[in-house]
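Peer 1: sequence unknown, structure follows:
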């Protein structure tokens, strides 16, 4: 083997992990994300961006597409910019529905946000809603 072929072979082998890593990377997407009052038969009920004062519990329903194998997402619940809860949720299929819930105290009126993050911490979606 001449030196040029050896160099080409070594260079090619160093690129293999880059292509393998890129091919294996998961590109999950959020097909649906809503805040709602209940989950019935794994579907959101009473979704909207305004939750009446006095509501004791709200849910964040998320449908994920594109997972290849098991992974997880996280729901971060923020009240007026302050993190109130962080919930890791498993994703076990390419089309997966999951949800978390938050108990609301009566004095927690105003703006809320749920941020949906990938397992790596990449923001996938955010939902803003108001307790009024």
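Peer 2: That came in fine, so what should we check first? Source: prediction; values computed, not measured.

Peer 1: can we go C-alpha only for contacts and neighbour counts from here?
Peer 2: Noted.

Peer 1: for stretch 34-45, what is the average pLDDT?
Peer 2: Averaged across stretch 34-45, the pLDDT comes to 97.

Peer 1: just stretch 51-68 next, same as before
Peer 2: Averaged over stretch 51-68, pLDDT sits at 97.

Peer 1: Can you give me the first-to-last residue distance of that stretch?
Peer 2: Separation of the first and last residues of stretch 51-68 by C-alpha to C-alpha, to the nearest Å is 35 Å.

Peer 1: Could you do stretch 32-40 as well?
Peer 2: Counting by C-alpha to C-alpha, you get 16 Å between the two ends of stretch 32-40.

Peer 1: Which positions in stretch 65-79 come out as buried?
Peer 2: Neighbour counts over stretch 65-79 (16 or more other C-alpha atoms under 10 Å) mark 65, 67-68, 71, 73-79 as buried.

Peer 1: With respect to pLDDT, which of those residues ranks lowest?
Peer 2: residue 68 (92).

Peer 1: Got the phi and psi for that one?
Peer 2: In this entry, residue 68 is assigned phi and psi values of phi -110, psi 100 (degrees, to the nearest 10).

Peer 1: Give me the nearest residue to it, chain neighbours excluded.
Peer 2: residue 94 (5.9 Å; C-alpha to C-alpha, 6 or more residues apart in numbering).

Peer 1: gap between the one you found and residue 112?
Peer 2: 29 Å.

Peer 1: tell me the contacts of residue 102?
Peer 2: The neighbours of residue 102, taking C-alpha atoms under 8 Å, 6 or more residues apart in numbering as the test, are 57-59, 77, 85.

Peer 1: how close does it sit to residue 68?
Peer 2: The gap separating residue 102 from residue 68 is 29 Å, by C-alpha to C-alpha.

Peer 1: By neighbour count, which of the contacts of residue 102 wins?
Peer 2: residue 77 (23 neighbours; other C-alpha atoms under 10 Å).

Peer 1: next SSE after the host helix or strand of that one?
Peer 2: Secondary structure from DSSP states H and E places residue 77 in strand 71-79. Downstream of strand 71-79, the first helix or strand assigned by DSSP H and E is strand 82-91.
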